[in-house]
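Fold the following, please.
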Amino acid sequence: MKMRSTAALTAILVVAPLIAVAPGPRAAASSRPGDSARSAESTLVGGVDLDTVTIPELQARMARGKLSSVRLTLAYLRRIKAVDPRINAVLHASPTALRQAAASDLRHRLGRTRGPLDGIPVLLKDNVNTRDMPTTAGSLALAGKPPRNDAELVKKLRAGGAVILGKANLSEWANFRAARPTSGWSAVGGQTHNPYVLDRNPCGSSAGSAAALAASLAQVAIGTETDGSIVCPAGMNAVVGLKPSLGVVSQSGVVPISAEQDTAGPMARNVIDTALTLSVLSGGDTVRADTAADLADAAARPGSLHGKRIGLWRLPVLGTEVDALMTRTAERLRAAGAEIVEVDLPYQARLAELEFPALLSEFHRDIDAYLATRNGPRDLAELIEFNRTHPQEQTCFAGQELFEQALAAPPTTDPEYVEMRAELANLSRRSIDEVMTAHGLDAIASPANPPAWTTDCARGDNDVIPSSTPAAVAGYPSLSVPAGFVGELPVGLLLMAGNGQDTDLLSLGAAVEHRLDGRRAPRYLPTVG
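Here you go, the predicted structure:
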């Protein structure tokens, strides 16, 4: 009897908000052509603006009964339908999203919420296993039956009451297939576009996650990074992205490149939502929800940056306009009381020389282990053959040079590889630790990305982005926050710190975000001169 009552109440919670937001006969009769589309494209719902609202604000409204998770989820689903055709960021919307939201509304009514993400819609990058939706890594080779089990991070999101809204497009195989790939393209999903200028690239393999957030198609999203694939898309789409310290978020059930560098991480339109999502993904081991919820208030207080020492690694290779933006950024942070010290990170040439050969060996080991758990190609050799015999896998670029090089790479038991990875770990950590110690720094800052290049399948990516490598190889945390724009194109500020300093980095990032105020909503421009 209790089960039947709960089911009935759940059904009421689903239907009632739909009735509340659906236009009545009078409204329908008086509406003009295009009104429905404009309503679906609106970022306003339940008295809040999806583009700027934070999770604490949403939870406060849900606690007061001013907003339901169903209404919030429905608003995002409607925006996906209305807006996503322009940017092509979302592969699948979950068929159970509204049911998940209704269950959250019931928990809110009964006072049994599970934490800060209860009822909050979350998009997952499509290399994160879900038992009820396809997980393809963008490849047709995995487009069949879904995995048997959720990834560990998905289990934590579900246990925390999050609404799994759907799956986001990505660069196929997380950009580890061709020598000259095009970021944001996959055979399964096609090309994701940058919402700010549609013919420009969204960067990195978490392209769909970042573009969807920029377009307000979800409250938060999950990305993954081996080197740059969270922080570059975050910067290029004017959102926030955290690459956590290695091991903070479980990689179990995530399509791999390298266990030595891979990590999933949270992405959002603001630092507070990023921190709250990490508190759930990490099980509270790194950032507690109550600590994360204090970040926004602390960042807004006068003097929150006073006395903070930040090293500025300029990277002029990214161009004079980005360098000028870094100069303005430094001036604003100094005006808020921070001390900015110009620095240069050592050992970068050697890191660039060693990283790629190490990743080849690790990819062969780790992708073979993952493929053995899925239907389809059973190992890397079969995957290479699949791509050769499926023309759809070659519609943007045909190359799979990285696959072929990984197949021929020495195993991870080879002494030369072992020595190479040990040197990488040593030099990458020293490159950050030595500079921070020498200058007494709280963090190192650098540009996260250049202005977005024009997407071109024939040419491939036009990226030179060395700023992500030190923290990525070291396994240290890095955080991209919006810094401003070069013309119409966003540029992020990348902050990095020592191992395990995720909480301190998020706290600093919240203060920097508040002072820079470097984000604005996209205008979906077709092109710019």
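
which residues of the stretch 201-350 of the chain fall in strands?
Listed in chain order, the strands of the stretch 201-350 of the chain (DSSP state E, counting those that start in this stretch) span residues 220-225, 240-243, 263-268, 309-312, 339-342.

Isn't residue 319 up against residue 451?
Yes. With contacts counted by CB atoms under 8 Å, residue 319 reaches residue 451, the gap being 7.5 Å. (Glycine included, C-beta is placed from N, CA and C.)

What count of nearby residues applies to residue 151?
The local packing of residue 151 (other CB atoms under 10 Å) involves 25 other residues.

Repeat that for the one 3 residues further on.
Close neighbours of residue 154, defined as other CB under 10 Å, add up to 26.

More neighbours: residue 319 and residue 451, which one.
residue 451 (21 against 16).

And the pLDDT at the more buried one?
We note a pLDDT of 97 for residue 451 in this prediction.

How about it: what's its closest non-neighbour residue?
residue 489 (3.9 Å; CB to CB, 6 or more residues apart in numbering).

dump the residue contacts of that neighbour.
194, 196-197, 200, 236, 451-452, 528 (CB atoms under 8 Å, 6 or more residues apart in numbering).

Bridged to it, which residues?
residue 486 (DSSP bridges).

what about residue 481, is that helix, strand or coil?
Under DSSP: H, G, I helix; E, B strand; the rest coil, the three-state class of residue 481 is strand.

hang on, it packs against residue 514?
No. Look at residue 481 against residue 514 with CB under 8 Å: they stay out of range, at 9.7 Å.

Between the two ends of stretch 241-254, how far is it?
Chord length of stretch 241-254, first to last residue, is 18 Å (CA to CA, to the nearest Å).

Pull out the buried residues from that stretch.
The neighbour-count check on stretch 241-254 (16 or more other CB atoms under 10 Å) flags 241-246, 248-251, 253-254 as buried.

what residue lies at the spatial centre of this protein?
The structure's the chain has its C-alpha centroid closest to residue 223; by CA atoms, centre = their mean the separation is 3.4 Å.

And that one, how far from residue 124?
9 Å (CB to CB, to the nearest Å).

in the sheet, who's paired with the residue nearest to the centre of the chain?
residue 265.

Report the contact partners of it.
125, 205-206, 209-210, 229-230, 233-234, 241, 264-267 are the contacts of residue 223 under CB under 8 Å, 6+ apart.

Give me the buried positions along stretch 373-387.
374, 376-377, 380, 383-384, 386-387.

picking that back up, measure the residue nearest to the centre of the chain to residue 201 for me?
For residue 223, the distance to residue 201 - CB to CB - is 16 Å.

any idea which helix or strand of this structure has the worst average confidence?
helix 25-30 (a mean of 34; mean pLDDT, DSSP states H and E).

got the end-to-end distance for stretch 182-196?
Stretch 182-196 has its terminal residues 18 Å apart, counting by CA to CA.

Now do the buried residues in that stretch.
Buried positions in stretch 182-196, judged by neighbour count with 16+ other CB under 10 Å: 182-189, 191-196.

What of stretch 433-453?
435-436, 439, 441-453.

starting at the chain centroid, how far to stretch 499-519?
16 Å (CA atoms, centre = their mean, to the nearest Å).

Renumber starting at 48 from here on
With 48 as the first residue, the last one maps to stretch 546-566.

out of the buried residues of stretch 480-500, which are inside helices?
Mapping those onto helices (DSSP state H) picks out 482-483, 486.

and of the residues you listed, the nearest to residue 515?
residue 482 (16.0 Å; CB to CB).

so that closest one touches residue 493, yeah?
No. Counting by CB under 8 Å, residue 482 stays clear of residue 493, with 11.4 Å between them.

about what we covered before: just the closest of the buried residues of stretch 480-500 to residue 541, please.
Closest to residue 541, out of all of the buried residues of stretch 480-500 and judged by CB to CB, is residue 495, at 4.0 Å.

ok, that closest one to residue 171 distance?
22 Å.

before we move on, what about residue 465?
34 Å.

quick one: which of those two has more around it?
residue 171 (33 against 14).

how about that one, secondary structure?
Secondary structure, three-state DSSP: residue 171 is strand.

who's in contact with residue 447?
Per CB under 8 Å, 6+ apart, neighbours of residue 447: 224-225, 431, 434.

Could you pick out which of those are located in strands?
Counting by DSSP state E, no part of the contacts of residue 447 is found in strands.

Would you check which pair of the residues you listed lies furthest apart?
Checking the contacts of residue 447 with CB to CB, the most distant pair is 225 and 431, at 12.1 Å.

Having no further points to raise, I will conclude here.
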